[in-house]
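**Student:** sequence-free structure coming up:
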């Protein structure tokens, strides 16, 4: 019996004339995520994507786990392939679904006939196969509303496919279909969630992190790299920039008003991030800011930060409260890494009384009081770059 994975698109189906482009990107992403599992054929046809093993020993459980985290997939199923002949469809269904049908109490048969040349219509397939299943599993009852097992038969160009309940996918749009952006990632709870949300809208992410040794440790950087790897299970590989920020922070501490330290620091971070984004052709920055969560995220502070930006700053968490962000962090499995007790540079030199309602004029005047450009250039030149790949665990 030949087993395949059958992928169903979601939002991609609404893309009209651009649909083929989105599907092509999704197929590419699937191939990348599954390539180390063995020889696997991935192809698209009839509004679906077929994943077929080309050698024995393919780990279908691992393949299914990875597919669950690929954006652009609405749902998928492990399916058995049969000949387009009712007797073979029935034999395959009874054998392939023996386990779930034996354990269930209720079932329903659903049939989809994309190949209109098949002699039986969908209602006929449903009625006849339902009767054969009841004879083979007399303990079962039919439930057309909430069955324990939904037996689905799909008659397509290449054969008949039989599967049980569909598994949910990650939804959204394929990574790479919506452009490229640079995530400012601190190591806390918020920024990985923000990156996840923008990747779900099709953005391909790079990430920039600022370190301040000796005030921050190597473990703090390793923590952020682990976060990027964990994010990569959904987002794919991530180009990672690690910026040395100690000298800039010390200069800010010594030359600028303490109450404006955090806002000025974020403006310098934005400037450095933009230089990488412009160099690499990235179109936007992404942050994990939420209005009012901390002093640097009041509306006034955000206005002062945005004034230093030459490109859009995407803030997907802007209206969320902390409990919502934590819930999503737990769902995508970044929370436990984010709360590891290794401080990042945002906690260095934190002012005792940060200004929550700064004016842009006073912030710009404070920044103009010292020439930061040589230090910015040096930080950019000394930045370490690497690729971080999805966590295989």
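**Tutor:** Perfect, I can see it now. Treat the numbers as computed from the prediction; the structure is a model and nothing was measured.
**Student:** how far away is residue 148 from residue 135?
**Tutor:** According to CB to CB, to the nearest Å, residue 148 stands 18 Å off from residue 135. Every residue, glycine included, has its C-beta placed from N, CA and C.
**Student:** and what of residue 126?
**Tutor:** Residue 126 is 15 Å from residue 135, by CB to CB.
**Student:** neighbour count for the two, which is higher?
**Tutor:** residue 126 (18 against 10; other CB atoms under 10 Å).
**Student:** next secondary structure after the helix or strand containing that one?
**Tutor:** In the assignment (DSSP states H and E), residue 126 maps to helix 122-136. For helix 122-136, the following helix or strand on the C-terminal side (DSSP H and E) is strand 141-142.
**Student:** if we can go back for a sec, for the helix holding residue 126, packing partners?
**Tutor:** Contact here means 3 or more CB pairs under 8 Å, 6 or more residues apart in numbering; DSSP states H and E; on that basis helix 122-136 packs against helix 86-96, strand 106-113, strand 149-156.
**Student:** in that helix, which residues are buried?
**Tutor:** By neighbour count on 16 or more other CB atoms under 10 Å, the buried set for helix 122-136 is 125-126, 128-130, 132-133, 136.
**Student:** show residues contacting it.
**Tutor:** The contact list for helix 122-136 (CB atoms under 8 Å, 6 or more residues apart in numbering) reads 86, 89-90, 93-94, 101, 107-113, 120, 140, 142, 151, 153, 155.
**Student:** roughly how far out does the longest helix belonging to the chain sit from the chain middle?
**Tutor:** Longest helix in the chain by number of residues (criterion: DSSP state H): helix 261-280. On the basis of CA atoms, centre = their mean, to the nearest Å, helix 261-280 sits 24 Å off its chain's mean C-alpha point.
**Student:** could you say what helices and strands it packs with?
**Tutor:** Judged by 3+ CB pairs under 8 Å, 6+ apart, the packing partners of helix 261-280 are strand 180-184, strand 204-211, strand 238-244, helix 246-255, strand 284-286, helix 299-306, helix 360-368, helix 373-381.
**Student:** try it again with 7 Å
**Tutor:** Here helix 261-280 touches strand 180-184, strand 204-211, helix 246-255, strand 284-286, helix 299-306, helix 360-368, helix 373-381, going by 3 or more CB pairs under 7 Å, 6 or more residues apart in numbering; DSSP states H and E.
**Student:** give me the neighbour count for residue 103.
**Tutor:** For residue 103, using other CB under 10 Å, the count is 9.
**Student:** do the same with residue 350
**Tutor:** Residues near residue 350, counting by other CB under 10 Å, number 14.
**Student:** find the nearest non-adjacent residue to it, please.
**Tutor:** Using CB to CB, 6 or more residues apart in numbering and skipping residues adjacent in sequence, the residue nearest residue 350 is residue 262, 7.1 Å away.
**Student:** show the pLDDT at that neighbour.
**Tutor:** The model reports residue 262 with a pLDDT of 92.
**Student:** burial of it, as a residue count?
**Tutor:** Quick note: residue 262 (other CB under 10 Å) scores 23 neighbours.
**Student:** what do you get for residue 326?
**Tutor:** 17.
**Student:** cool, and residue 333?
**Tutor:** 16.
**Student:** residues contacting it?
**Tutor:** Remark: with contacts taken as CB atoms under 7 Å, 6 or more residues apart in numbering, residue 333 is in contact with residue 230.
**Student:** narrow the contacts of helix 122-136 to those that are buried.
**Tutor:** By 16+ other CB under 10 Å, these give 86, 89-90, 93-94, 101, 107-109, 111, 113, 120, 140, 151, 153, 155 as buried.
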